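Asker: Predicted structure and sequence below. I'll ask about it afterward.
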Amino acid sequence: MFGIGEDNLEMLLKGFDEGSMVLILGHPGAGKTTFAAKILYRNCRSGGVKCVYVSLAEDRDKFLRYMGRFGIDLDTLERKGIFEFIHMPTFAGKDLVESVTSVLSAKIVSEGFRVAVVDSVTPLLNALTTDEARSYLHATLYNLVRSSQGLLILVADLPYGKETVDLRGLEFIADAVFVFKTRVERGLITRFMEVRKFRGRRIPIVEIPFTIAEDEGVKIILPPPLEEIPVLTEKPAMKSPCSELLWGPMPRGTYIGVVGKDAPVFYTTFKVLLDLALKSNAYLALLSFRMPSSEMKRLVHHIAQSLGQDIKSVEELIKFEQGVNPSIYSCYEVMGILRQVIDRDPDILLLHGTEMLYLYHPSRYIDRGLRDLALYARRKGTSIVEFVSGLFSKKQLARYSMIHLINLDEHSKVVHTVYRHVPIIVNGKIVGAEPRRIYEEELLKCIKQM
C-alpha cells in the first residue's frame, strides 16, 4: 500500500494499492504538481522506496526550490540516493514518447524505483492518435506499473474554464483520478479537489475544498467524522479561580462563544483567559480578524502588567499570533488558515473579531466552516475562545459548547451570562444544566485577588 501524502485524504481513501496508475488532472496553478510531489515525498521519506520525478517542463533547481517552500525536502532525499529528478528534453512527436518510455522502463525495471511521476503526460498523448494512445497507456504504462507492483502518477493539464479534456481514454485505464480546479468568486480564489474515481474505495465526498499551505503544500478541508470526536470530560481540564467562577470546568476541546451584544467583550474576559493560561501552563494562539498582531501583542503586554505578571513569561506561552484580513481570502482559505493554527497544537486558540467574517462571506459558509473547525479542534484537544461583537444567532450554537453573553442590565451594569449548550457530566454530576449569571464587579474582584 502506498500513502496518499495528505493525512485527511489518507483517512478518507486509505491509500493506493500496489500496481496502481493515478491520474492528476488540473487547471494551471491549481496544485496538481504540488500534490503529485507530496505523494512521492511521503512514500520516499516514510516508506523508504526509491522515487523518480520525470518533468517535461520545469528544471531540477526550480522544481526543488518551489517544493521546498511547501515542506517537501526532495534535495535531502536526492542526496540519500532514494530520489531522482529527470528533466526530459522536448522531442518532437513519437520521439518524446519513446524517450519517456525508455526512462521509465530503466528506472522501474532495471533500477528498482517504486514510485514514478510524469509531469505532464499531455504532450505524450497529443503525439499519438486515440487508438495509439490507448494501446500505449494500457499495453506499455499500465503493464509496466502492474508488473513492478509500483505506483505511477501521471499529471495532465486542464485548460482554464474546462471540466474535462480529451485524454485518449486515460481516465478509464487509471485506477484513481483526481481533478484539481480553481474558481474565482467575488475576486477571491477557491481551490477544489474532485475525486472523480478511486478503484476499490467508497467515495463519500466527491468535491473537497483545499488550500495550498506554506511548509505543508496541499491541505484538504474535510469535516471530521463524528465518531472520532472525544467526549468532553473534566480530565484533562484547565482551571483558575476566575475561570471557574465564570465558566466552571473547562475540559480541553471546549469551544466558548463570548458574545457582546450591547457591551464590550474583550478586556475583562481576556484577563480571565490569560490568567487561566498562566495557571494551567497552557500554550496560546491568538488570531484576530479585526486587528494586526502588533496591536494584539501590545494588549497582551498591558494585561500581563495589570495582572502583575512578567511579560517574558507570558510571551513564552504564546505559540502563535496573527492578524488576518478576511477580505483577501475566500471562506475556505480562511478555514484552512485556522486549521493550520490548530495544527501547531496550542492548548487554547483565541479567535477575535469573527464578526468580520460575516461582513465579507455568506453566513452559511462561515457557520458551517466554524462548526467543522470546532470538531477539528476538539479532536486535537485544543480549546477555542471566540470573541464576537454584535452577532448572535441560533446557527452559532452548532459550534459552541458554551455560550458566554455579555449584556447591560436595566441599570446599565455589565452582566455575564454563561450557558452550556450541552451539559457535561463531571464526577457523576451534570454541570451546566442551569445558566450562570455573574456581574462584572464580581469578576473584577476575583481578578484583583489573583
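Answerer: It's in.
Asker: Show me where the stretch 51-200 of the chain has its strands.
Answerer: Assigned by DSSP state E, counting those that start in this stretch, the strands in the stretch 51-200 of the chain fall at 51-55, 83-87, 115-119, 151-157, 176-185, 188-198.
Asker: Buried residues in the longest one, which are they?
Answerer: Buried positions in strand 188-198, judged by neighbour count with 16 or more other CB atoms under 10 Å: 188, 190-198. Backbone N, C-alpha and C define where each C-beta goes, glycine included.
Asker: now swap in stretch 133-146 and tell me
Answerer: Those would be 133-134, 136-137, 141-142, 144-145, for stretch 133-146 by 16+ other CB under 10 Å.
Asker: and what of stretch 403-417?
Answerer: The neighbour-count check on stretch 403-417 (16+ other CB under 10 Å) flags 403-406, 414-416 as buried.
Asker: Sitting in helices, which of the residues you listed do you find?
Answerer: When these are checked against helices (DSSP state H), there are no matches.
Asker: Can you name every helix or strand that the helix or strand hosting S294 contacts?
Answerer: Using DSSP states H and E, S294 maps to helix 293-306. Packing partners of helix 293-306 (3 or more CB pairs under 8 Å, 6 or more residues apart in numbering; DSSP states H and E): helix 267-280, strand 284-288, helix 311-315, strand 318-323.
Asker: Which one of these lies nearest to G48?
Answerer: For G48, the closest of the helices and strands packed on helix 293-306 is strand 318-323, at 32.3 Å, according to CB to CB.
Asker: residues making contact with that closest one?
Answerer: With CB atoms under 8 Å, 6 or more residues apart in numbering as the test, strand 318-323 has contacts from 283-293, 295-297, 300, 341, 344-346.
Asker: Apply 6 Å and report the result again.
Answerer: Contact partners of strand 318-323, identified using CB atoms under 6 Å, 6 or more residues apart in numbering, comprise 283-288, 291-293, 296, 341, 344, 346.
Asker: Stretch 163-174 too?
Answerer: Defining contact as CB under 6 Å, 6+ apart, one finds that stretch 163-174 is touched by 21, 23, 125, 130, 133-134, 137-138, 142, 158, 177.
Asker: do that again at 7 Å, thanks
Answerer: For stretch 163-174, contacts defined as CB atoms under 7 Å, 6 or more residues apart in numbering pick out 21-23, 125, 128, 130, 133-134, 137-138, 142, 154, 156, 158-159, 177, 197.
Asker: Just the C-alphas of it, formatted as CSV.
Answerer: Output of stretch 163-174 as CSV, limited to C-alpha atoms (Å, rounded to 0.1, in the frame of the first residue of the first chain):
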residue,chain,number,x,y,z
GLU,A,163,-14.1,20.5,-16.5
THR,A,164,-12.9,17.8,-19.0
VAL,A,165,-10.4,17.3,-21.7
ASP,A,166,-9.7,14.5,-24.3
LEU,A,167,-7.2,12.2,-22.5
ARG,A,168,-7.4,9.4,-25.1
GLY,A,169,-9.1,7.1,-22.7
LEU,A,170,-6.5,7.6,-19.9
GLU,A,171,-9.3,8.2,-17.3
PHE,A,172,-10.7,4.8,-18.0
ILE,A,173,-7.4,3.0,-17.5
ALA,A,174,-6.3,4.8,-14.4
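Asker: What residues sit buried inside stretch 107-119?
Answerer: Buried residues in stretch 107-119, counted by 16+ other CB under 10 Å: 107-108, 113-119.
Asker: quick one on the thing from earlier: nearest to T76, of the strands of the stretch 51-200 of the chain?
Answerer: Judging the strands of the stretch 51-200 of the chain by CB to CB, what sits closest to T76 is strand 83-87, at 8.6 Å.
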